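1. Generate coordinates for the sequence data below:
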Amino acid sequence: MGFINILLFPLSLIYQFVMYVRNRLFDAGWLKVHTIPNLFVINVGNLRVGGTGKTPVTEMLIHILSPKFKMAVLSRGYGRKTKGFLEVKATDNSSMTGDEPLQICRKFKGSIKVFVCEDRVQGAQKLKEMYPDIQVLLLDDAYQHRYIDRQLNILLSAFSQPFYNDTVLPSGRLRESRYGAKRADMVFMTKCPTSLGQTAMEDQVKAIKRYTTADTIISWTGWKYDQLVGIKGENTAFPENALVITGIADPKDMLEHLKQKTRVIGHLKYPDHHNFSRKDIENIELWLREKKGNHGSFSIITTEKDMMRLQSEWPEAVKKWPICYLPARQVLLNQKENFEKRLIDTIIAKI
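-> A predicted model of the protein is given here:
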């Protein structure tokens, strides 16, 4: 723990106590938890502030469950300029819905319903009224939003930044105590190296089980990168050189993958959920003019989420650029078939 973190630690103790009291009020029934009838609710969330791969894991669950059940996703819609309950449509732009809900809506092309609402209880009630046949609801980032009941609580923790090594805000990055993991039915260690061995898994199990219940299921997921996709949705080859543009929490894995495929001649890094301004667009276009002809053929490579924002907010500029995005998925690294069967059987037994 660094010097600044030590100075902030007393504030962390106060914040941790506040969250402890809040959780005890929920446990004792003093704060009401709302159950949505005839709806199996799965929460995908985390203890830590920052990127743990919630959207890729949500998409992984959609791939597993949507062939079997009628599904919806409910998100807060982080970064949107609208408020209240809204059904996400593929023709929307990211300023209306937030980038991640729009990405999910477009990716699954009407096979599931996607909604945004700050009030998860109100959102779940309204979507169930609109579509009574929906059987499974995925809540995005609602681990601390305990006002809505859930039948399955999935906790995510990044492999390189595990919750059991962290402390509560502001000296650390946790939203609540490590013991909040006791509410998890499953823990996914995300963004793991694909070469992760059995010994490393066993070591993590020991560390995780200090904070969870004995029957909590632990799984590991890792990145799988697909073929580059162009602006019109076509697959495209990796360029000789690339300018990388990212507005995600942690682009490290993506950059390491790209450096195996192309020569990265620049990286414009923006904060997670960054809304690209006119100044940003001008800077990108200036970079393109300066580099043109100096590095042979090159393309801009960005993330799927950033492509969503760029195309939504700056379509006229983006369509002139040599730009593509790198699709990325989280995939299970252990007991994939067993996990999928157990998850499906659990839902069938309760709906």
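2. how much distance is there from the longest helix seen in the chain to the middle of the chain?
-> If you go by DSSP state H, the chain has its longest helix at helix 3-28. Taking CA atoms, centre = their mean, to the nearest Å, one finds helix 3-28 lying 25 Å from the centre of the chain it belongs to.
3. After that helix, which helix or strand is next? Please name it.
-> Counting by DSSP states H and E, the next helix or strand C-terminal to helix 3-28 is strand 40-46.
4. Report the buried residues of the next helix or strand after that following strand.
-> Per DSSP H and E, the first helix or strand lying C-terminal to strand 40-46 is helix 54-65. Buried residues in helix 54-65, counted by 16 or more other CB atoms under 10 Å: 54-62, 64-65. C-beta here means a position set from N, CA and C on the backbone, and glycine is covered the same way.
5. likewise stretch 88-105?
-> Going by neighbour count (16+ other CB under 10 Å), the buried part of stretch 88-105 is 88, 92-105.
6. Please measure how far the first residue of it sits from its last one.
-> Start-to-end span of stretch 88-105 (CA to CA, to the nearest Å) is 7 Å.
7. And the contacts of it?
-> Residues outside stretch 88-105 that contact it (CB atoms under 8 Å, 6 or more residues apart in numbering) are 55, 58-59, 62, 73, 75-82, 86, 106, 109-110, 112, 114-116, 140, 273, 275, 304-306, 308-309, 312-313.
8. relative orientation of the longest strand belonging to the chain and helix 54-65 in degrees?
-> The longest strand of the chain (DSSP state E) is strand 217-225. Our comparison of strand 217-225 with helix 54-65, counting by axes from the mean of the first three to the mean of the last three CA atoms, to 10 degrees, yields an angle of 100 degrees.
9. List the pairing partners of the very next helix or strand once past strand 217-225 within its sheet, with orientation.
-> Downstream of strand 217-225, the next assigned helix or strand under DSSP H and E is strand 228-230. For strand 228-230, the pairing partners within the sheet under DSSP bridges are strand 235-236 (antiparallel), strand 323-326 (antiparallel).
10. any weak-confidence spans in this protein?
-> By pLDDT under 70, the low-scoring segments of the chain are 1, 292-296.
11. what about the helices in it?
-> Chain-ordered helices for the chain, with DSSP H as the definition, fall at 3-28, 54-65, 94-97, 99-108, 120-130, 198-208, 252-259, 278-291, 304-313, 315-318, 336-350.
12. how about those, which one is nearest Thr221?
-> Closest of those to Thr221 is helix 54-65, at 6.6 Å (criterion: CB to CB).
13. Off-centre distance for that closest one?
-> Distance, centroid of helix 54-65 to centroid of chain: 9 Å (CA atoms, centre = their mean).
14. List the contacts of that helix.
-> 42, 44-46, 71, 73, 100, 103-104, 107-108, 112, 136, 138, 140-141, 154, 156, 188, 190, 221, 223, 305, 328-332, 340, 343-344, 347.
15. give me that answer again for 7 Å
-> By CB atoms under 7 Å, 6 or more residues apart in numbering, the residues outside helix 54-65 that reach it are 42, 44-46, 71, 73, 100, 103-104, 107-108, 112, 136, 138, 140-141, 156, 188, 190, 221, 328-331, 340, 343.
16. cool, stretch 126-137 as well?
-> By CB under 7 Å, 6+ apart, stretch 126-137 touches 36, 39-42, 65, 69-72, 74, 85, 113, 115, 124, 347, 351.
17. ends of that stretch, how far apart?
-> By CA to CA, one end of stretch 126-137 lies 12 Å from the other end.
18. I'd like to know how many residues surround the closest residue to Pro271 other than its chain neighbours.
-> Of all residues beyond its chain neighbours, the one nearest Pro271 is Gly247 (6.5 Å), with distances taken as CB to CB, 6 or more residues apart in numbering. Residues lying near Gly247 (other CB atoms under 10 Å) number 22.
19. Report the spatially closest residue to Thr194, excluding sequence-adjacent ones.
-> Going by CB to CB, 6+ apart, Thr194 has Gly222 as its nearest residue, at 4.7 Å.
20. typed the wrong thing, it's Glu285
-> If the residues on either side of it in the chain are set aside, Glu285 comes closest to Ala317, at 7.1 Å by CB to CB, 6+ apart.
21. quick one: that neighbour and Asp280 touch, right?
-> No - assessed by CB atoms under 7 Å, Ala317 is found out of contact with Asp280, at 10.2 Å.
22. Kindly format the C-alpha coordinates of stretch 265-280 as CSV.
-> Taking Å, rounded to 0.1, in the frame of the first residue of the first chain, the C-alpha atoms of stretch 265-280 are listed here in CSV:
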residue,chain,number,x,y,z
ILE,A,265,2.5,2.7,-34.9
GLY,A,266,0.4,4.7,-32.4
HIS,A,267,-2.2,4.3,-29.6
LEU,A,268,-4.7,7.0,-28.7
LYS,A,269,-6.0,6.0,-25.3
TYR,A,270,-9.2,7.5,-23.9
PRO,A,271,-11.1,6.8,-20.6
ASP,A,272,-13.7,4.0,-20.5
HIS,A,273,-17.0,5.0,-22.1
HIS,A,274,-15.4,8.1,-23.6
ASN,A,275,-17.7,10.4,-25.6
PHE,A,276,-15.6,11.5,-28.6
SER,A,277,-15.6,15.3,-29.0
ARG,A,278,-15.0,17.3,-32.1
LYS,A,279,-11.5,18.0,-30.8
ASP,A,280,-10.9,14.3,-30.6
